[in-house]
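**Q** would you be able to build a 3D model of this:
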Amino acid sequence: MKEMIKYHITEKGISLAEILPGSEIISSTEDILDIMADAGYNGSTGLIIYSETLNKDFFDLKTKIAGDILQKFSNYRMKLAIIGDFSDIKSKSLRDFIRESNKLGVINFVASIDKALARLG
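**A** Now for the predicted structure:
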């Protein structure tokens, strides 16, 4: 997978990796593990990705892709921010999932890069 990565250092000195839009689609746990390994190797403790970089099935909770991928972030103690417009989601279960994820703070669904940096940094 050849993704475009930008690294950020927050005001608190925390290193975060951003997978830029236009990168290849993330569709499996193997894809995310490769990205996490690369980011971790480069000193990042958090990852920022854009919703359009995720396979569309990620947002269909019945496929269990989201759960499988997001579990890796808990297992490896790496924070994640997913940037996108989540205001028009019709699925109640997905809206609840996003709200609960944002409360816990390991997985964050945000609207902008600034909000992602603030949540992870």
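**Q** would you list the phi and psi of L47?
**A** Reported as degrees, to the nearest 10, the phi and psi values for L47 are phi -130, psi 140.
**Q** which residues are in contact with it?
**A** L16, A17, E18, I19, I35, M36, A39, F73, M78, K79, L80, A81 (Cβ atoms under 8 Å, 6 or more residues apart in numbering). (C-beta placed from N, C-alpha, C; glycine too.)
**Q** mind redoing it with 10 Å?
**A** Contacts here follow Cβ atoms under 10 Å, 6 or more residues apart in numbering; on that basis L47 touches 5, 16-19, 32, 35-36, 38-40, 73, 78-82, 116, 120.
**Q** which pLDDT value goes with it?
**A** On pLDDT, L47 comes in at 97.
**Q** okay, and the beta partners of it?
**A** Beta bridges link L47 to A17, L80, judged by DSSP bridges.
**Q** contacts only, for G67.
**A** G67 neighbours (Cβ under 10 Å, 6+ apart): F58, L61, F97.
**Q** go again using 6 Å as the cut-off
**A** Counting by Cβ atoms under 6 Å, 6 or more residues apart in numbering, G67 makes contact with nothing.
**Q** next one: the strand or helix carrying it to chain centre, how far?
**A** Assigned by DSSP states H and E, G67 falls within helix 65-75. Offset of helix 65-75 from its chain centre (Cα atoms, centre = their mean, to the nearest Å): 10 Å.
**Q** so where is the chain shaky, pLDDT-wise?
**A** 1-3 (pLDDT under 70).
**Q** need the helices for it, in chain order.
**A** Ranges of helices in the chain, per DSSP state H, are 29-41, 65-75, 92-104, 113-120.
**Q** any chance of CSV for these, columns distance to E52?
**A** Shown next, in CSV, are those (distance: least, Cβ to Cβ, whole Å):
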stretch, distance to E52
helix 29-41, 15
helix 65-75, 15
helix 92-104, 16
helix 113-120, 14
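**Q** what separation is there between G40 and K103?
**A** 25 Å (Cβ to Cβ, to the nearest Å).
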